[in-house]
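S.K.: 3D model of this:
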Amino acid sequence: DVAAGAVLVAAGPWSGEVARAFGADLPLRPRRGVVLVTTRMPHAIFHKVYDGDYFAATQSSDAALQTSSVVESTPSGMVLIGSSREQVGFDERLRVAVLRELAAKALRLFPFLAAASIMRSYGGFRPYMPDHLPVIGADPRVPGLWHASGHEGAGISLSLATAAMLAAEFTGGAAPTDAAPFRLDRPTLQRHLAEAAS
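M.R.: Below is the predicted model:
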């Protein structure tokens, strides 16, 4: 046992399970995604390219498979091809149909990728909240419990802003950003919880 005045749950897609262990129901679920990786090739893609389906897929609440094209080159010349989203719990099994769909969509953007060799795929789980906003701040139901999760695919890019908001709340300082839209008791999340309960 470790005694602490505050406990911060920042366990990514496992945050819902960790919060429940502390007696707080957090409606966070894992949302699986996979990426294809080509072998090295001459640079021909110079920017990260998204197709028009990307935003709709990120904002979808559908548990079924959502795919869109996100294609980018790495400095070493490999091309990363994504993206997929599906709510299947922590199921890690490889599904060839998902990889096939990603490849087909990428070929619509860059037909020359038909000559590329795929060397591997990898996957992971994003921390998904039903209203598509992270949970940042104190949990009003459990004194001393705090949350910093649910950023889905933007956790790394939003980590500094999240840390600044939490530091301000912990110390009573001025927050650089209003944390109210990210609190657990926000109206958008409460609507989702009420709909799920009915």
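
S.K.: how about residue 72: what's its closest non-neighbour residue?
M.R.: residue 48 (4.1 Å; C-beta to C-beta, 6 or more residues apart in numbering). To be clear about C-beta, it is placed using only N, CA and C from the backbone, and glycine gets the same treatment.

S.K.: quick one: the spatially most central residue of the chain and residue 87, what's the gap?
M.R.: Among the residues of the chain, the one closest to the centroid is residue 152, at 1.8 Å (C-alpha atoms, centre = their mean). Taking C-beta to C-beta, to the nearest Å as the measure, residue 152 and residue 87 are separated by 12 Å.

S.K.: and for the residue nearest to residue 72, the neighbour number?
M.R.: With neighbours defined by other C-beta atoms under 10 Å, the count for residue 48 comes to 10.

S.K.: give me the pLDDT value at it.
M.R.: At residue 48, the model reports a pLDDT of 93.

S.K.: quick thing: my sequence starts at 38, can you match it?
M.R.: Will do, 38 is the new start, and the previous item becomes residue 85.

S.K.: contacting residues for the residue lying closest to residue 60 once chain neighbours are set aside?
M.R.: Leaving aside its chain neighbours, residue 60 sits nearest to residue 179 (5.8 Å; criterion: C-beta to C-beta, 6+ apart). Residues in contact with residue 179, defined by C-beta atoms under 8 Å, 6 or more residues apart in numbering, are 59, 60, 61.

S.K.: what does residue 179 show for phi and psi?
M.R.: Main-chain dihedrals, residue 179, degrees, to the nearest 10: phi -130, psi 100.

S.K.: now swap in residue 103 and tell me
M.R.: phi -120, psi 130.

S.K.: measure it to residue 204 for me?
M.R.: Residue 103 is 34 Å from residue 204, by C-beta to C-beta.

S.K.: those two: which is more packed in?
M.R.: residue 103 (21 against 12).

S.K.: in the sheet, who's paired with the more buried one?
M.R.: Residue 103 has these beta-bridge partners by DSSP bridges: residue 122.

S.K.: was I right about it contacting residue 94?
M.R.: Yes: under the criterion of C-beta atoms under 8 Å, residue 103 makes contact with residue 94 at 3.9 Å.

S.K.: shared neighbours of these two, anything?
M.R.: residue 122.

S.K.: would you map the strands across this structure?
M.R.: 44-46, 66-75, 86-87, 103-110, 116-122, 155-165, 172-175, 182-186 (DSSP state E).

S.K.: follow-up on the earlier one: in CSV: the contacts of residue 179, plus pLDDT, neighbour count and distance to residue 210.
M.R.: Listed next are these as CSV, based on pLDDT from 0 to 100; neighbours: other C-beta atoms under 10 Å; distance: C-beta to C-beta, whole Å:
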residue, pLDDT, neighbour count, distance to residue 210
59, 93, 14, 26
60, 92, 10, 29
61, 92, 17, 25
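
S.K.: with distance to residue 217 added, can I get the residues you listed in TSV?
M.R.: As requested, these are arranged in TSV below (distance: C-beta to C-beta, whole Å):
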residue	distance to residue 217
59	23
60	24
61	19
